[in-house]
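Undergrad: Dropping a prediction and its sequence here:
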Amino acid sequence: MSIAGGTAIRLEEDPELAEQGEIPDFAEIVREHQGMVFSLAYHFLHDRGLAEEAAQEVFLELHRHLGTIESRAHLVFWLRKVASRRCIDQIRRRSFWPKFRLDEVPEPAAKADERDPMLSRALARLVASLPEKPRMVMILRYQEDLGPAEIAQVMDMPVATVKSHLQRSLDILRDKLARSVGEIAI
Amino acid sequence: MSYLEDDLKMALRRTEPPEGFANRVLARVSGPAPAQPSWWQYLTILVRPPRVQWVALSLIVSFMIPAAGVYRKERQARAEGERAKEQLVFAMRMTGNKLHRVHQKVLEMGRTDTRL
């Protein structure tokens, strides 16, 4: 089962896959999923240039492995998995982390509203200061809205480890925020 | 879900890539495949990142320091050997001279004995 560049393949022969619809051609895949892949890289690397480079590499790798993609669901899973792996590899290769150390990240200056862009920026920077794996776990949880079991599959790690990363990262963020805006219920 | 988790969802919501991203990806896909690096290019990779340069430098230094120590010890041992050799030659010469004098005296004594 394969999709050569530009040709979509129908998957009616497999009822389960057919439910998930046909796999679009490569250009359509890029346009449909560029936001997801780029955002994963951007929230992880916190640099638009590096994020674009990483996201492009993910799609180039997809183009090389297009023949192994079995369904839309598999495609999304594959993109998340490869994007996570590439981002972590890129950090390790470039000795990029820690660009923001947790104690260097400025604490939010004022009491935050529910949709405070300052708080969002501060939180994004705090997440970017976490170690590689917990950082990716947090991004998959809150950007992609994945559950611990799905994150465990994407990142090839036990569910218990995912839960512990989530819990510890939330504690760190809560602690950091509580120090500056103690009275806010978080 | 707590306020913090809501805020995290907001902070980590998807963002759009820079304009023309998809076109750049498609251009790279349709462009020529990058040439495979040759074996010597792989070798240059070993010394490219700064960290590896430090590792290489520390390896060289860690080999050079013991080698310099061994060389210095060898030179010292050779110099001591030379000195000992000179002392031995000097001692042998002295002994030779003394033996020569004793021999002369014995000969003189022999001569006087025969005259008697």
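TA: Ah, there it is. Numbers count the residues shown, from 1 in each chain, chains lettered A, B, ... in the order given.

Undergrad: what's the helix or strand for the residue sitting nearest the centre point of chain A?
TA: Most central in chain A under C-alpha atoms, centre = their mean is residue A:40, positioned 3.3 Å from the mean C-alpha point. Per DSSP states H and E, residue A:40 falls inside helix A:26-45.

Undergrad: Can that helix be said to contact chain B?
TA: Yes - Helix A:26-45 is in contact with chain B by C-beta under 8 Å from any C-beta of the partner chain, via A:26-27, A:30-31, A:34-36, A:38-39, A:42-43. Yep, even glycine has a C-beta here, placed from its N, CA and C like the rest.

Undergrad: With adjacent residues omitted, what lies nearest to residue A:150?
TA: residue A:140 (7.7 Å; C-beta to C-beta, 6 or more residues apart in numbering or on different chains).

Undergrad: want to throw the residues of helix A:26-45 next to chain B into TSV with distance to residue B:18 and pLDDT?
TA: Shown next, in TSV, are these (distance: C-beta to C-beta, whole Å; pLDDT from 0 to 100):
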residue	distance to residue B:18	pLDDT
A:26	20	91
A:27	18	91
A:30	14	94
A:31	14	94
A:34	10	95
A:35	12	95
A:36	15	96
A:38	8	96
A:39	12	95
A:42	10	94
A:43	15	93
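
Undergrad: Of all the helix elements in chain B, which one is longest?
TA: Determined from DSSP state H, the single longest helix within chain B is helix B:50-115.

Undergrad: Show me which of the residues of helix A:26-45 next to chain B is closest to residue A:81.
TA: Comparing those against residue A:81 with C-beta to C-beta places residue A:36 closest, at 12.2 Å.

Undergrad: Who are the contact partners of the closest one?
TA: A:76, A:79-80, A:83, A:144, B:14 (C-beta atoms under 8 Å, 6 or more residues apart in numbering or on different chains).

Undergrad: try 10 Å this time
TA: A:55, A:76, A:79-80, A:83, A:143-144, B:14 (C-beta atoms under 10 Å, 6 or more residues apart in numbering or on different chains).

Undergrad: That one and residue B:39, how far apart?
TA: 39 Å (C-beta to C-beta, to the nearest Å).

Undergrad: One more: residue B:31?
TA: For residue B:31, the distance to residue B:39 - C-beta to C-beta - is 25 Å.

Undergrad: I figured the residue nearest to the centre of chain A was touching residue A:90, is that so?
TA: No - the pair residue A:40 / residue A:90 is not scored as a contact, 11.8 Å apart, by C-beta atoms under 10 Å.

Undergrad: Common neighbours of these two, please.
TA: A:51, A:54.

Undergrad: Can you pull out the low-pLDDT segments for chain A?
TA: Applying pLDDT under 70 to chain A flags the ranges A:1-23, A:94-116, A:180-186.

Undergrad: Let me see the domain layout of it.
TA: A:1-96, A:99-186 (automatic domain parsing).

Undergrad: How many neighbouring residues does residue 66 have?
TA: Unless you meant another one, I'm taking chain A. As a burial measure, residue A:66 scores 17 neighbours (other C-beta atoms under 10 Å in any protein chain shown).

Undergrad: switch to chain B, that's the one I care about
TA: That count, for residue B:66 with other C-beta under 10 Å as the rule, works out to 9.
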